[in-house]
Structure formats: structure tokens, C-alpha cells
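Engineer: only geometry, no sequence info:
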């Protein structure tokens, strides 16, 4: 116990030191929100991956595989395809468009600039959507951290929640975007190590690959069936997770913060390679976690989302277990930190500065950003106080909300010159409302992201056709941004 505790303390202190170092270079709102658009290709690639893969990677996803078998791997397949498409078709364009459209620091900033929104209606709507869904997303990260401390140190849930949340909030609050990005790089490396080595040790413990498969089959012959219990709607729902990538603010902000368009290809290859290896490891841990539990009937588990923790504590020495369990903390901290930062940036840049203090100084804005971060964290903390909260359920709801409301708007805005302000407003609202209504009604058993995304796209197309005005300035601005983008690509 003391060995594991020491490992955790050393890890957390290391993250705080990085936060303190980053704080020395955080002088303006641009630094705090986007790190001055200075991220290199390695940091861009790894931080985009780490900020995406929250605690659900080591808890929610393995838990789903542990319960339902290999059919849940469709989530990983859909995510990989979606993220690759996001990098390939959106990343470079969004980096260029946001930098050249009034140097937009946030998605709401970008929408207002891209659609010549002088009243900043899109900015306000986008900011509200970000706050609503990020509070839920942040809560999922806090629940993951609480489960980790609760299981590892046999702590009361409320105390575990407090410690887990405080560990992340402090270094983000003082260091801003650079602290988040630098720590993400360290955390991504730790996550990859844990997800690579753990399945190998499980195989060795149960007697090899064939023995592991036989032990899994004892739970049910369909555990190895990719189509187990699935319908066409079920498969679409699982694979449909990939649609959400193009609308996730905490991932898109990594593209916006890249130093140039030129490094996007290398960053994509780094990020996707890391992602494939991590998702494969998580799938194997969940699936062969069944073999481990059947091989060790004396070990019990009260929550399937704790399978990685149980395996790690059982198979590794205290020192190694501490290092591997820190990977869960890394996954939680990497995503939670970015989400808190994006939410606080939205409150600061799109509400406080735009509506109340348009002439506020940079130091004031940085401190307001820190205050807003604490406010968002407090609301998320209240939601996370329910110990019965399901990590994957919270993540799926927030993921759908962002994917359906922002995904079509971002995607179409960087490719279609005729898309206008009214279409952007209607598209975002349609996507968000569809997800909320669909989650309440649970219609057809279809994941809410799929109908939300499709209806938002359809709305954007129809409204654009009905309200197109060649003199509103949006088409002319698009042509300018498109030209600048191709000039940057040509320089590459």
C-alpha cells in the first residue's frame, strides 16, 4: 500500500512541477487558451490522443468488453476511423481557418468570425452547448479518478473524489494550455506502456493464448462473436461513435494550437498509431480479464469497470502496480484537464470578455480564466458525487452532444463556401436538441449521436439553400480563408 501511495504521490508532484514551469510562460489569454499556437508535431499528436482517451479507456471500455465480449470492440473500430478522418480532412483546415479568421482562440470565436456574426449569436449558442455537455464530461473524469483511488486505497468514495479532482484542477489552473499539453505527452506515454504490458502478463498468468481463449469461452460461447447480440442498429450505434470526433472541442483545440499546418501529417501518424495501440490494449484487457477472473475464482470484483485495477493489483509488484495504476490517473487527468480548460476559456473569452469587459487586460483575463475553471470544476464535482454514476454512460452522452451539435458545423464550415450564419445556428441547435430528446426517449435503441449528426447536417443544407445570400460576406471570407490555406499547404 505504501509503495503504491509513494508512486502516486511522485507522479502527481511531477505533473504539478510541469504546471508550475508552464505558468512561467503563460502571460496572455492566447497563452492560457492555446499556448500561443506553439505546439510541435509530437506534442500535438500525443496530446490530441491523450486528451481524447479519458478514464473510459482503462475503465469504461475494458468494463464493456468484460461484460459483453468482443462485440464491444466496434466502439474502438469506429473511433479509430473517425479520428483518422478528423486528422486527415479537418485538422489542417481548421488550424489555418481559425488562425486567419480573426485569430480565433475558441470554437465559438471561430464560428462568429467564419459566419460574419457581428451580434455573436453563434458564439453564445456554442458557449452554452460547451458548458452544458462539458460539465457532464468533466464529471465522468472525476468519477474515474474517484473509482481509482477508492479501489486502490480502500477509500471512502467522497474522499477519493476530492483527491482525484484536486490533483488535476491545481496544475491546469496555474499552467493553462501548455501545462495540459506537456503533461498530456507524459501521460500518453504512460498509458501506452500500461496498455501494452498488461495483456501480455495476463496471457502469461493464465497459461498462454489458447488457454486464455478457453477460459473466456467458459463465460459463454458468444464472447468471441463480433456480432454477439447485435442488430444493424446496434452495430451502427457502436461504430457511430467515430462521427463524434469532428465536434469535440477538447480535441479540435489541439489542431488549432499547432504551430503550423506543415506538421499535421506527422502529427496524424503519431496520434493514430498511439491510438490504435492503446485501444487494442484496452480491448484485450477487458476481454482477457474474463480469463483472468475465471482462472482466479478466489478474486472478486464488484464493478466491471474496475477490471484493469483488479488485474494490476493482483499480477504486479506494488511498485509496478503503482506505475501502471498511475496510467488511469494519467488518462483521467489528461482529458479532464483539457475539458476544464476549454470550458473555462469559453466562459472567459466568449462571455466575460465579449459581454462584460471587452477591454480587459491580459493578466486579468488569465486570472478570470482560472476562476472560471474552478467554477466549472465545482459543478462537475457535484454531479460526480453520485457513486453509482456510470463512466461510459456519462461519456457517451457528452460525446454525442458535442458530435451532433458541433461536428456538422465544423466539418461543413471548412469545405462549403455557401454555408451561412442561419444554417450554423440552426444546425447546432438541431444537433444538441436531438441528442437531449433522443437520450430521454431512447428511441429505437439507436445511439443519439447518429440521428443528431445526420439531422444537423440535413438542417444546415436545407437552411443554407433557403436563406443563401451572396452578399452577406461569408462566401467571400471563405474564399479568402481557402486561398490562405492552400498557400500554407503549398509552402509545405
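Structural biologist: Thanks, I have the structure now. This one's a predicted model, so the numbers in the text were calculated from it and none came from an experiment.

Engineer: the helices in the stretch 351-492 of the chain, which residues?
Structural biologist: 362-384, 391-413, 421-441, 449-467, 474-491 (DSSP state H, counting those that start in this stretch).

Engineer: which of those helices sits most buried?
Structural biologist: helix 391-413 (a mean of 26; mean count of other Cβ atoms under 10 Å). Quick note: C-beta positions are derived from backbone N, CA and C, even for glycine.

Engineer: sketch out the low-pLDDT regions of the stretch 51-200 of the chain for me.
Structural biologist: Within the stretch 51-200 of the chain, the ranges that satisfy pLDDT under 70 run 51-52, 54-55, 168, 170-184.

Engineer: helices along that one, start to end?
Structural biologist: Counting by DSSP H, counting those that start in this stretch, the helices of the stretch 51-200 of the chain are 61-68, 74-85, 92-100, 107-114, 121-153, 157-206.

Engineer: which strands or helices does whatever helix or strand comes next after the longest one pack on?
Structural biologist: Tracing the chain past helix 157-206, the next element assigned as helix or strand by DSSP states H and E is helix 209-217. The criterion is 3 or more Cβ pairs under 8 Å, 6 or more residues apart in numbering; DSSP states H and E, and the helices and strands that helix 209-217 contacts are helix 157-206, helix 264-295.

Engineer: quick one: buried residues of helix 209-217?
Structural biologist: By neighbour count on 16 or more other Cβ atoms under 10 Å, the buried set for helix 209-217 is 212, 215, 216.

Engineer: from the residues you listed, pick the one nearest residue 240.
Structural biologist: Nearest to residue 240 among these, counting by Cβ to Cβ, is residue 216 at 26.6 Å.

Engineer: circling back to that earlier point, and of the helices of the stretch 351-492 of the chain, who's closest to residue 189?
Structural biologist: Nearest of those (Cβ to Cβ): helix 391-413, 22.7 Å.

Engineer: hey, which of the helices of the stretch 51-200 of the chain is tucked in deepest?
Structural biologist: Highest mean neighbour count among those (mean count of other Cβ under 10 Å): helix 107-114, a mean of 26.

Engineer: distance from the chain centre to that one, please.
Structural biologist: Chain-centre distance of helix 107-114: 21 Å, with Cα atoms, centre = their mean, to the nearest Å.

Engineer: cool, stretch 379-399 as well?
Structural biologist: Its chain's C-alpha centre and that of stretch 379-399 lie 14 Å apart, by Cα atoms, centre = their mean.

Engineer: over to stretch 65-81?
Structural biologist: For stretch 65-81, the distance to the chain centre is 17 Å (Cα atoms, centre = their mean).

Engineer: any chance of a markdown table for the helices of the stretch 351-492 of the chain, columns mean pLDDT and distance to residue 242?
Structural biologist: As requested, the helices of the stretch 351-492 of the chain are arranged in a markdown table below (pLDDT from 0 to 100; distance: least, Cβ to Cβ, whole Å):
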| stretch | mean pLDDT | distance to residue 242 |
| --- | --- | --- |
| helix 362-384 | 79 | 26 |
| helix 391-413 | 88 | 9 |
| helix 421-441 | 94 | 16 |
| helix 449-467 | 96 | 9 |
| helix 474-491 | 89 | 24 |
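
Engineer: sorry, back to before: which among the helices and strands packed on helix 209-217 is found nearest to residue 90?
Structural biologist: Among the helices and strands packed on helix 209-217, helix 264-295 sits nearest to residue 90 (Cβ to Cβ), with 10.0 Å.

Engineer: so which elements touch the closest one?
Structural biologist: helix 41-52, helix 61-68, helix 74-85, helix 157-206, helix 209-217, helix 307-315.

Engineer: now do the buried residues in it.
Structural biologist: Quick answer for helix 264-295 (16+ other Cβ under 10 Å): 264, 267-268, 270-272, 274-275, 278-295.

Engineer: nearest to residue 336, out of the helices and strands packed on helix 264-295?
Structural biologist: helix 157-206 (4.9 Å).

Engineer: distance to residue 57 added to the helices of the stretch 351-492 of the chain, as JSON lines?
Structural biologist: Shown next, in JSON lines, are those (distance: least, Cβ to Cβ, whole Å):
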{"stretch": "helix 362-384", "distance to residue 57": "18"}
{"stretch": "helix 391-413", "distance to residue 57": "10"}
{"stretch": "helix 421-441", "distance to residue 57": "22"}
{"stretch": "helix 449-467", "distance to residue 57": "18"}
{"stretch": "helix 474-491", "distance to residue 57": "33"}
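
Engineer: out of those helices, which is closest to residue 311?
Structural biologist: helix 391-413 (17.3 Å).

Engineer: and the angle for the closest one with helix 449-467?
Structural biologist: 20 degrees (axes from the mean of the first three to the mean of the last three Cα atoms, to 10 degrees).

Engineer: tell me the angle helix 391-413 makes with helix 362-384.
Structural biologist: Going by the same axes, to 10 degrees, helix 391-413 makes 140 degrees with helix 362-384.

Engineer: helices or strands up against helix 391-413?
Structural biologist: helix 61-68, helix 107-114, helix 121-153, helix 249-257, helix 421-441, helix 449-467.

Engineer: okay if I get those as JSON lines plus distance to residue 347?
Structural biologist: JSON lines is the format used below for these (distance: least, Cβ to Cβ, whole Å):
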{"stretch": "helix 61-68", "distance to residue 347": "31"}
{"stretch": "helix 107-114", "distance to residue 347": "10"}
{"stretch": "helix 121-153", "distance to residue 347": "7"}
{"stretch": "helix 249-257", "distance to residue 347": "13"}
{"stretch": "helix 421-441", "distance to residue 347": "18"}
{"stretch": "helix 449-467", "distance to residue 347": "24"}
